[in-house]
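**Q** below are the sequence and a predicted model for it; my questions follow.
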Amino acid sequence: MKSNILVVDDEPVARQSMTDILKLEGHNVMSAPNGQAAVEYVRTHPVDLMIVDLRMPGMDGLEVIQVVNQVSPETEVILLTAFGSTETAIQALRLRIHDYLLKPASPAQVIASVKKGLARRAARTHVRSSGEAMDSDEAITVFTLKDGTSVDLSRRHIRQKNKVEHLTPAEGRLLRILMENEGKVFSHRELVLLVQGYDTSQREAPEILRPLVSRLRHKLDQFPSLSERVASVRGTGYVYEGEK
């Protein structure tokens, strides 16, 4: 079944381009030229995923997300912004958006983010329909590696046979960000912002992050198949690599 996607952007060219990209991927795609129109559409139509621009006249992207979270909490949200400000990123995270992309985002970036967002929505729907318990704050996300290592990011524990390791909230947030964005390289500064919630300089960020990464790596060392996938990118940051 096709997914229903809503593109919200006040720039006609950007809105049409995004719509065309997603239609070519086989989705049902509608668009809205402003925040108010988007909210009205979501009130009356099922929307699986919404891509919304941050800066729009009148109702901006964050205001739209706040309303949509109330009227359609099942809708996954991707925030588009040409302004990667610290304050915006923190606000967006508090609103529990699925992802944010810096404009101009490439078609490949958009398609990958949409694919992950729809997969996350499908996983949540499956959990509810199967009657399993679900954390009210976060989608349950369990990754199982080829060797049987299981990573439960909601409960923050890693298990393989009789070995179990529990993660602190900060360790859990760091591992979640990396695992949910396989192949995406995060800078030290981005990770400090996303994990700790504050901005710092590119020079200071590695020093702030190093103790946290060290503690996480120490725990991951018990699970070699997982440990080898959390890779350091020299002079840049970290990435979670696919299984070889």
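**A** Nice, thanks for sending it over. Residues are numbered from 1 along each chain as shown.

**Q** how is the protein partitioned into domains?
**A** 4-129, 142-240 (automatic domain parsing).

**Q** and the last one, end to end?
**A** Distances were taken as CA to CA, to the nearest Å; on that basis the terminal residues of domain 142-240 are 15 Å apart.

**Q** so how far is it from its chain's centroid?
**A** 15 Å (CA atoms, centre = their mean, to the nearest Å).

**Q** quick one: average pLDDT of it?
**A** Averaged across domain 142-240, the pLDDT comes to 88.

**Q** okay, the domains of the chain in JSON lines with mean neighbour count next?
**A** For the C-beta atoms, the positions are set from N, CA and C on the backbone; glycine is no exception. Listed next are those as JSON lines, based on neighbours: other CB atoms under 10 Å:
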{"stretch": "domain 4-129", "mean neighbour count": "17"}
{"stretch": "domain 142-240", "mean neighbour count": "16"}
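
**Q** can you give me the strands in this structure?
**A** With strands called from DSSP state E, the chain shows them at 4-8, 28-32, 49-53, 76-81, 99-102, 142-144, 150-152, 157-160, 163-166, 186-187, 230-233, 237-240.

**Q** take the ones you listed and write them to JSON lines, including distance to L178.
**A** What follows is the strands of the chain, written out as JSON lines (distance: least, CB to CB, whole Å):
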{"stretch": "strand 4-8", "distance to L178": "26"}
{"stretch": "strand 28-32", "distance to L178": "30"}
{"stretch": "strand 49-53", "distance to L178": "22"}
{"stretch": "strand 76-81", "distance to L178": "19"}
{"stretch": "strand 99-102", "distance to L178": "14"}
{"stretch": "strand 142-144", "distance to L178": "11"}
{"stretch": "strand 150-152", "distance to L178": "11"}
{"stretch": "strand 157-160", "distance to L178": "13"}
{"stretch": "strand 163-166", "distance to L178": "16"}
{"stretch": "strand 186-187", "distance to L178": "7"}
{"stretch": "strand 230-233", "distance to L178": "6"}
{"stretch": "strand 237-240", "distance to L178": "4"}
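
**Q** of all those, which lies closest to Q70?
**A** Nearest of the strands of the chain to Q70, taken as CB to CB: strand 76-81 at 12.5 Å.

**Q** which residues touch the closest one?
**A** If you take CB atoms under 8 Å, 6 or more residues apart in numbering as the criterion, strand 76-81 is touched by 9, 48-55, 61-62, 65, 68-69, 88, 92, 95, 97-103, 105, 113-114, 117-118, 120-121.
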